[in-house]
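**Q** what's the 3D shape of this:
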Amino acid sequence: MAKKESGNVILAAVRGFFGAIGGFFSSFGTAVAKGDFATKLSLLWLGAGYARRRQYVKAVIMTVLEAAVIWFTFGFALNYVPKFGTLGTVEPEVVFNIETMQNEYNDFDNSFQILLFSLFSFVVWFAAVIVWMKNVMNAYELQKKAERGEHINTFREDLHSYIEEKFHITLLTLPVLGIVVFTFIPILLLIFVAFTNYDQNHMPPSTLFTWTGLSNFLSLFGGGGLTVTFGYAFVRVLGWTLVWAFFATFTTYIGGILLSVLLNSRKTRLPKLWRTLFIVTIAVPQFVSLLLVRNFFSNGGIVNTICANIGLTGFLRNIGLVSTSYIPFLSAPGWAHVMIILINIWIGVPYQMLIATGVLMNLPTDQLESARVDGARPFQVFKSITMPYLLFVTGPALVTDFVKNINNFNVIYLLTESVYTTTNQAMANSQAKEVDLLVTWLFRLTQDYYNYKMASAIGIIVFVICAVFTLIAFNSMIKGDREGTYQ
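**A** Below you'll find the model as predicted:
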């Protein structure tokens with residue numbers, strides 16, 4: 001039943017999306033078919049419909065905008081878009097200029113510039129087409145108002161409407177532009193790079209890179225007939241990423257709730273003191289704490305010194321758990337995985353404790369009193385009232401924490417970067433480590449090895465995992481009338 005409801009919600013959302021697109025095109029077609037001469041002329045001159053209705057300021061603005069798009073197209077975009085199919089063919093060469101009697105570079109292509117500026121041009125053209133269609137529809141609306149004898153706003157009245165009934169558009173304009181420029185275009189660039197051979201051997205401007213289709217994804221999933229593939233490393237890194245995200249999320253979540261319940265118990269003495277001690281870990285910047293802990297648990301750190309002095313290291317070596325003169329807390333598979341999760345509990349539980357404390361203060365007291373009157377034990381109250389209420393209120397934050405932990409760069413990188421060295425040659429061939437998350441592997445591929453093509457492919461996989469999990473989780477949370485249960 002739950003799967004059926006989830007499918008219905010997703011199907012309804014898809015239908016609504018395509019229905020809105022279909023309605024937009026239908027309205028545009030109606031405007032073109034039934035519009036008068038001025039409306040039809042708006043297909044060529046964007047200001048025609050406004051000029052016909054004496055909205056001369058809007059006519060000038062739309063005319064200037066149209067001229068700007070034309071200039072952008074012929075003065076900028078057409079220098080790069082025609083080369084988008086090949087990403088450039090002219091490599092840099094040093095040629096002798098007879099006029100200056102000096103060696104100079106030829107007019108070579110830059111694959112990255114071609115890709116980036118072509119993508120930017122596509123976005124501008126797409127936005128221009130939407131504005132063009134919406135402009136024709138607006139001209140048709142003005143035509144209908146004139147035919148009905150209704151009042152047509154002046155430019156000043158239109159401006160005033162954007163601080164009154166259309167104020168939401170004014171507020172959203174800059175954020176939407178920021179999302180398009182700083183989020184949407186970089187994501188599209190990431191996707192396109194994943195289908196190229198952009199790596200250390202194809203670094204513009206000295207060399208060109210080109211399209212390679214799905215070869216990077218075939219290599220990532222262990223196919224493609226390549227001698228050295230990323231498939232072996234990808235399976236292991238992906239598995240550890242999901243295991244880490246699960247344990248890092250739920251250990252801190254459950255730990256924070258239990259700690260909050262304990263500190264809010266009437267039987268706990270000096271709760272403010274204990275709460276302050278746990279919050280101390282938040283007062284110190286996380287990267288400082290992680291670097292200190294890394295030094296504590298390093299092969300020659302203070303923890304290993306103490307373990308050696310008390311005989312623990314020798315005992316573990318005798319029973320076969322370690323084969324070195326130190327305990328490889330952060331330098332060996334297994335040990336490092338467990339220690340990373342344990343250290344994250346120490347860092348993450350105080351945050352969850354604060355969140356849970358705020359929620360517990362708003363628990364429905366009438367339900368708690370009713371349960372106690374009915375003879376419910378403390379554990380039964382926690383299981384049947386406290387925990388369901390906490391899950392209801394903090395559910396979205398739990399989903400966010402899981403996605404955040406999939407991309408938790410700081411904990412993994414700062415704890416293991418200079419301590420952990422893989423001895424697995426297959427992992428090393430793919431520039432990966434057993435303790436890497438997909439995001440730290442992606443970072444190392446770009447920062448240390450300039451393998452942008454594989455990093456982009458991994459970035460797409462991370463996005464898909466996070467998007468699918470978020471959609472399923474939030475859809476599961478919003479179904480039903482759960483809010484009414486606690487009102």
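**Q** so where do the helices sit in the stretch 301-450 of the chain?
**A** Listed in chain order, the helices of the stretch 301-450 of the chain (DSSP state H, counting those that start in this stretch) span 302-309, 312-318, 335-360, 365-373, 378-381, 387-406, 409-416, 425-429, 438-447.
**Q** report the angle between the longest one and helix 387-406.
**A** So that's helix 335-360. Angle of helix 335-360 versus helix 387-406, following axes from the mean of the first three to the mean of the last three C-alpha atoms, to 10 degrees, is 140 degrees.
**Q** can you give me the buried ones in helix 335-360?
**A** Within helix 335-360, the residues scored as buried using 16 or more other C-beta atoms under 10 Å are 335-337, 339-341, 343-345, 347-353, 355-357, 359-360. (C-beta placed from N, C-alpha, C; glycine too.)
**Q** of the helices of the stretch 301-450 of the chain, give the one that comes closest to Phe221.
**A** helix 438-447 (13.6 Å; C-beta to C-beta).
**Q** check the offset of the closest one from the chain's centre.
**A** 15 Å (C-alpha atoms, centre = their mean, to the nearest Å).
**Q** repeat for stretch 154-170
**A** Distance, centroid of stretch 154-170 to centroid of chain: 33 Å (C-alpha atoms, centre = their mean).
**Q** kindly check the end-to-end length of that stretch for me.
**A** 18 Å (C-alpha to C-alpha, to the nearest Å).
**Q** between its first and last residues, how far does stretch 157-169 reach?
**A** Counting by C-alpha to C-alpha, the terminal residues of stretch 157-169 are separated by 16 Å.
**Q** oh, that last question was meant for stretch 362-376, not what I typed.
**A** Per C-alpha to C-alpha, the first residue of stretch 362-376 is 20 Å away from its last.
**Q** in it, what counts as buried?
**A** 363, 367, 371, 376.
**Q** can I assume the first one is in contact with Phe382?
**A** By that I understand Leu363. No: using C-beta atoms under 8 Å, Leu363 makes no contact with Phe382, being 10.8 Å away.
**Q** in the helix or strand where Ile169 lies, which residues are buried?
**A** Per DSSP states H and E: Ile169 is located in helix 167-179. Within helix 167-179, no residue is scored as buried using 16+ other C-beta under 10 Å.
**Q** now do the helix or strand just after that helix: which elements does it pack against?
**A** Next helix or strand after helix 167-179 toward the C-terminus (DSSP H and E): helix 185-193. When contacts are defined as 3 or more C-beta pairs under 8 Å, 6 or more residues apart in numbering; DSSP states H and E, helix 185-193 packs onto helix 111-148, helix 452-478.
**Q** quick check: mean pLDDT of the longest one?
**A** In other words, helix 111-148. Per-residue pLDDT over helix 111-148 has a mean of 93.
**Q** ok, then the element right after it?
**A** Following helix 111-148 toward the C-terminus (DSSP H and E): helix 155-161.
**Q** mind putting the helices and strands packed on helix 185-193 into JSON lines with mean neighbour count?
**A** Output for the helices and strands packed on helix 185-193, formatted as JSON lines (neighbours: other C-beta atoms under 10 Å):
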{"stretch": "helix 111-148", "mean neighbour count": "17"}
{"stretch": "helix 452-478", "mean neighbour count": "18"}
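**Q** export those as TSV, with columns for distance to Val90.
**A** Shown next, in TSV, are the helices and strands packed on helix 185-193 (distance: least, C-beta to C-beta, whole Å):
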stretch	distance to Val90
helix 111-148	11
helix 452-478	21
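**Q** of those, which is nearest Arg275?
**A** When the helices and strands packed on helix 185-193 are compared by C-beta to C-beta, helix 452-478 sits nearest Arg275, at 29.0 Å.
**Q** mind checking how far the closest one is from the chain centre?
**A** The answer for helix 452-478 is 8 Å, by C-alpha atoms, centre = their mean.
**Q** before we move on, the earlier item: closest one to Ser161 among the helices of the stretch 301-450 of the chain?
**A** helix 387-406 (34.8 Å).
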